[in-house]
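Asks: with the sequence up front, the predicted model follows.
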Amino acid sequence: MICILKMRASPPRTLPIMSGATSGMQTEDALATSASATHKSTSRAKLPVAGRRVMLSILLTVFAINFMDRQILAILAEPIKGELALSDSQLGLLYGFAFAVLYTTAGIPIARFADRVNRARVINWSLVVFCLMSAVCGLAVNYWQLLVARIGVAVGEGGTNPPSHSIISDLYPVSQRCTAMAIFSLGPHIGILLGFLIGGWVAQLWGWRAAFLIAGLGGLFFAILSFRFLQDPERGRSDGISAREPPPVGALFRSLLRCASMRHLFAGAAIYSIAAYAVVGWLPSFLIRGHGLSAGTAGTMLALILGLVGGAGTVLGGVLADRIGAGNAAWRLRAVAVALLVMALGWGVVFFETRTTVVLTVLVLPGALLGLYLGPTFAMVQSLVEPAVRATAAALLLFVFNLVGLGSGPLAVGVLSDALLPRFGPDSPKNALLLLIPPLCVWAAYHYHAAARTIGVDLDNVARR
C-alpha cells in the first residue's frame, strides 16, 4: 500500500464533491495560491484532502507500473542477449532509441487529446495498452518480435504521464507542487524496485519470458481499480483561474522557447536524462559482468539502492525545494544544480573503483540523488504554463528529455562499450559509463543554475497574464 505524505493545508471549508465515485458534503481543503511576488492570491474549491491523496496515490502507482514495464528489460538484458544472440548495440537500441522514439512521439498527440477530454480515461486506457504489450514481450521468439512488442509498450506509456502532470497541477497549488510532483516521481523508484526484484528473481527461477508476463498481467489487475477511482478535476482550480482553449502545439512550443527558465529547464532535464537512463539501463550489466553478481543479487541491490533509497531522496528533494523555495523560487532549482554536482563525483568513484564492496557502498550516494530533479523540474514547468496546455507542456518536456535521454543514453553506452570491448573485455560497460556520466551531470548542473537565475521573473510574468 502506497502512503502519501500529509501536506500542510489552510483551514477547511465544506463543499460538494464533483465526482461520481463519492457524493454529498465533504470536508474541503481550501489552499491559498501564491500568484506572484507581490503576494496576489485567490482561492478556489478543491477536492478534499483525502480525495487528493487517493488520486495522487493512483497516479503514482500508474507511474510505477509504467516504469516497471519500461525498466524490467534492463535486468533481463543478459539472459535475453544470450538467448537471442544480441550485441550491446542492439540491446541499447531495444532499451533506448526505438522505445524513446515511439514513447515521445505518441505522447504529444495523446497529451493534446487529453487537454480537451477526460484525462482520467486517457490514463486508464493507456495503462491497459502498455500492460498488455509488456506481457506480449514474454511471447517474443526473436529480436524483431521483441522490438515490435516494446514499441507497443512505448505507445501505451506515452499516454499516462502528461495527463498525470496536468491532473496533479490542478490538485495542488504552486506552493505545494514540488512536493506533490516529488511524491508522484516516486514512480520510477518503485518501478525500478519492482522491475529489478521481479525481473531478477523470476528470470533466475523461471526465465525472462515469465518476468514479462507477470509484470504485464499484474498491471492489468491494477487498471481495474484505476478505472473505478481515478477522477478528472476541474482545470485550473488550484490556481484560481479558468482554462482557456489551448493554442496550437507549434505556438505553444515557440512560447516555451521564449521563456529563458523554460529553455534551461528543458536543456538541463534532457542532458541529465542521458546520464540517468544510461545509468539505470546499464548498472545491472555493470554489476553482473564487472563484479560477478548474479541477476537476482544485482536486481536486489539495485532495487534497494535505486528504489528505496532513491525514492526517499526524490521525496526529500521535493519537500526541501518547496521549503527553501518558499521565499525565493530560485532555490528550488539551485538545489537540483548542487545535487547534480555531488552526483558527478559519486558516479566517478563508482565507475572507477574496482572493489565491489566499495562500489555498492558509494553507489548509495548518487542512487539517493538520482531522481531529486524530477519534482522541481515537473513542478516549475507546470507553473510556467496555463492550465489549458499543461498536459501538452508536460508531453513536450517528456518528448525532449526522453527522446534525447532514453533515446541516446543507453544506446551511446552500448555503442561505446562495443568499441571498448577489445581493450577492456567485460569491463567495457564500466569504462563507457565512466567516460559519459560525470561530465553530463556537470553540464546539466549549469543549466539548472542558469534557470534559477530567471525563474522568479518568469513566474511573475505568468501570474500577470
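Replies: Right, received. Where do you want to start?
Asks: now do the buried residues in stretch 132-150.
Replies: Using 16 or more other Cβ atoms under 10 Å as the test for burial, stretch 132-150 gives 132-138, 140, 143, 146-147, 149-150. Yep, even glycine has a C-beta here, placed from its N, CA and C like the rest.
Asks: next up, the contacts around residue 149.
Replies: By Cβ atoms under 8 Å, 6 or more residues apart in numbering, the contact set of residue 149 is 133, 134, 136, 137, 139, 140.
Asks: state the pLDDT value of the first one.
Replies: Meaning residue 133. Listed pLDDT for residue 133 reads 92.
Asks: in which helix or strand does it reside?
Replies: In this assignment (DSSP states H and E), residue 133 forms part of helix 119-137.
Asks: and that helix, how far out from the chain's middle?
Replies: 17 Å (Cα atoms, centre = their mean, to the nearest Å).
Asks: ok, then the element right after that helix?
Replies: Downstream of helix 119-137 (by DSSP H and E), the next one is helix 143-157.
Asks: ok and that next one relative to helix 119-137, angle-wise?
Replies: Going by axes from the mean of the first three to the mean of the last three Cα atoms, to 10 degrees, helix 143-157 is angled at 170 degrees with respect to helix 119-137.
Asks: can I get the CA coordinates of helix 143-157 in PDB?
Replies: The C-alpha trace of helix 143-157 is given here as PDB (Å, rounded to 0.1, in the frame of the first residue of the first chain):
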ATOM      1  CA  TYR A 143      14.800  -9.700 -31.800                       C
ATOM      2  CA  TRP A 144      12.300  -8.200 -34.200                       C
ATOM      3  CA  GLN A 145       9.200  -9.500 -32.400                       C
ATOM      4  CA  LEU A 146      10.600  -8.200 -29.100                       C
ATOM      5  CA  LEU A 147      11.300  -4.800 -30.700                       C
ATOM      6  CA  VAL A 148       7.700  -4.600 -32.000                       C
ATOM      7  CA  ALA A 149       6.300  -5.500 -28.600                       C
ATOM      8  CA  ARG A 150       8.500  -2.900 -26.900                       C
ATOM      9  CA  ILE A 151       7.200  -0.300 -29.400                       C
ATOM     10  CA  GLY A 152       3.700  -1.200 -28.300                       C
ATOM     11  CA  VAL A 153       4.700  -0.700 -24.600                       C
ATOM     12  CA  ALA A 154       6.100   2.700 -25.600                       C
ATOM     13  CA  VAL A 155       2.900   3.900 -27.300                       C
ATOM     14  CA  GLY A 156       0.800   2.900 -24.300                       C
ATOM     15  CA  GLU A 157       3.200   4.500 -21.800                       C
END
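Asks: on that earlier part again, of all the contacts of residue 149, which comes closest to residue 181?
Replies: Distance to residue 181, by Cβ to Cβ, is smallest for residue 134 among these, at 25.2 Å.
Asks: what sits against that closest one?
Replies: Residues in contact with residue 134 (Cβ under 8 Å, 6+ apart) are 69, 72, 149, 153, 212, 215, 216, 219.
Asks: so residue 233 is in which element?
Replies: Using DSSP H and E, residue 233 sits in no helix or strand.
Asks: how near is the residue nearest to it when sequence neighbours are not counted to residue 389?
Replies: Counting by Cβ to Cβ, 6 or more residues apart in numbering, residue 233 lies nearest to residue 170, which is 4.7 Å off, once chain neighbours are set aside. Per Cβ to Cβ, to the nearest Å, residue 170 is found 13 Å from residue 389.
Asks: got the contacts of residue 149 as JSON lines, with distance to residue 267 columns?
Replies: Below are the contacts of residue 149 laid out as JSON lines (distance: Cβ to Cβ, whole Å):
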{"residue": "133", "distance to residue 267": "32"}
{"residue": "134", "distance to residue 267": "32"}
{"residue": "136", "distance to residue 267": "36"}
{"residue": "137", "distance to residue 267": "33"}
{"residue": "139", "distance to residue 267": "40"}
{"residue": "140", "distance to residue 267": "36"}
